[in-house]
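Trainee: coords below, sequence missing:
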């Protein structure tokens, strides 16, 4: 894997926008580190899939949206998308703790972050289950002609699910305003993509459905932002769906129970040299838009937000026994 030495030209962006991207990526990183710590202390139970390393994908993508009319759906690695969509880290952490103040009142846990008002329509625990749901949502946008687009994130392990192929076929036939996004972190659970897929560049799969596919560098938040801005504009204008293969990498295992022994330390370190936070930091420093002490202040703020989210979750009440049958459809 070749290191990406290309420097992004930041002159067309204002400092406040770039600081916002940096702040959001730092908050997600520090939040996930704190979630890992709390999981180790058994404060968080069940499955827990962390987003460390992939922050640029969610942050860059959501920054390109208009969440008054656009929607986001994703898989079970969803804490980053939730925070990028504007969900309060305190509420997200409380959900991880299974507390009543969580976004799903403690019933959803790590894999089911959800906030309809913020147009974040959920993480999904079933591999690929969000893809047909997102397709249905895009159908409603097309039917209402409201100008919105739906972003559907999923992992490379989900791309061989039948639901993916059925959804893309219908989206193309009906010309739906959907952007299907493979967060290609190179591993489906513990299995490398090259061991299970006949092709490693998933953008080519779009051609089977008369759809355009594009490859994006997911380790650079500006590249993701620009690619998503263009994708959203094209989908709105052409009324046709797109497939994006966003190349990224996760620093942790598939979930907290995965020691990730299927990859080398050298590979992990090589990807950490392309850390999306450090890539943006380097570009901002070079452009004179950031100083080291300013970066440290942003990082300290992110650490404080992460700690406050834990404090909030710790202090929140457990759901009452009486709520066990509430909000349940049978």
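Mentor: Looks like it came in fine. It should be emphasised that the depicted structure is a prediction, and the values quoted were computed from it without experimental measurement.
Trainee: check contacts around residue 106.
Mentor: By C-beta atoms under 8 Å, 6 or more residues apart in numbering, the residues touching residue 106 are 94, 95, 97, 98, 99, 100, 318, 319. (Glycine included, C-beta is placed from N, CA and C.)
Trainee: List just the nearest of these to residue 236.
Mentor: Distance to residue 236, by C-beta to C-beta, is smallest for residue 95 among these, at 32.4 Å.
Trainee: Number of residues surrounding that closest one?
Mentor: Residue 95: 28 surrounding residues under other C-beta atoms under 10 Å.
Trainee: Run through who's touching the helix or strand hosting it.
Mentor: Residue 95 belongs to helix 89-96 when elements are defined using DSSP states H and E. Here helix 89-96 makes contact (C-beta under 8 Å, 6+ apart) with 27, 31, 34-35, 38, 44, 48, 79, 82-83, 100-104, 106, 108-110, 112-113, 305-306, 308-310, 312-313, 316.
Trainee: now the strands: where do they sit in the stretch 1-150 of the chain?
Mentor: Secondary structure of the stretch 1-150 of the chain (DSSP state E, counting those that start in this stretch): strands at 71-73, 150-155.
Trainee: list the helices and strands the last one packs on?
Mentor: Here strand 150-155 is seen to pack against helix 55-63, strand 71-73, helix 130-144, strand 178-184 when contacts are counted using 3 or more C-beta pairs under 8 Å, 6 or more residues apart in numbering; DSSP states H and E.
Trainee: Let's see that with 10 Å instead.
Mentor: Packing contacts for strand 150-155, counted by 3 or more C-beta pairs under 10 Å, 6 or more residues apart in numbering; DSSP states H and E, involve helix 55-63, strand 71-73, helix 79-84, helix 130-144, helix 162-174, strand 178-184, helix 221-238, strand 242-247.
Trainee: Format the ones you listed as JSON lines; extra columns: mean pLDDT.
Mentor: Below are these laid out as JSON lines (pLDDT from 0 to 100):
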{"stretch": "helix 55-63", "mean pLDDT": "97"}
{"stretch": "strand 71-73", "mean pLDDT": "98"}
{"stretch": "helix 79-84", "mean pLDDT": "97"}
{"stretch": "helix 130-144", "mean pLDDT": "97"}
{"stretch": "helix 162-174", "mean pLDDT": "96"}
{"stretch": "strand 178-184", "mean pLDDT": "95"}
{"stretch": "helix 221-238", "mean pLDDT": "96"}
{"stretch": "strand 242-247", "mean pLDDT": "96"}
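Trainee: For residue 279, give its distance to residue 324.
Mentor: Distance, residue 279 to residue 324, using C-beta to C-beta, to the nearest Å: 46 Å.
Trainee: Give me the more crowded residue out of these two.
Mentor: A direct count of neighbours by other C-beta under 10 Å for residue 279 and residue 324 places residue 279 higher, at 23 against 10.
Trainee: I figured that one was touching residue 285, is that so?
Mentor: No. In this structure, residue 279 is not within contact of residue 285 by C-beta atoms under 10 Å, at 11.1 Å.
Trainee: remind me which residues of this protein are low pLDDT?
Mentor: Low-confidence segments of the chain (pLDDT under 70): 1-7, 186-198, 252-255, 257-260, 262-263, 267-268, 330.
Trainee: the longest helix in it is where?
Mentor: Identified as the longest helix of the chain according to DSSP state H is helix 15-40.
Trainee: Serialize the helices and strands packed on strand 150-155 to TSV and add fields for distance to residue 154.
Mentor: As requested, the helices and strands packed on strand 150-155 are exported to TSV (distance: least, C-beta to C-beta, whole Å):
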stretch	distance to residue 154
helix 55-63	12
strand 71-73	9
helix 79-84	11
helix 130-144	6
helix 162-174	7
strand 178-184	6
helix 221-238	16
strand 242-247	11
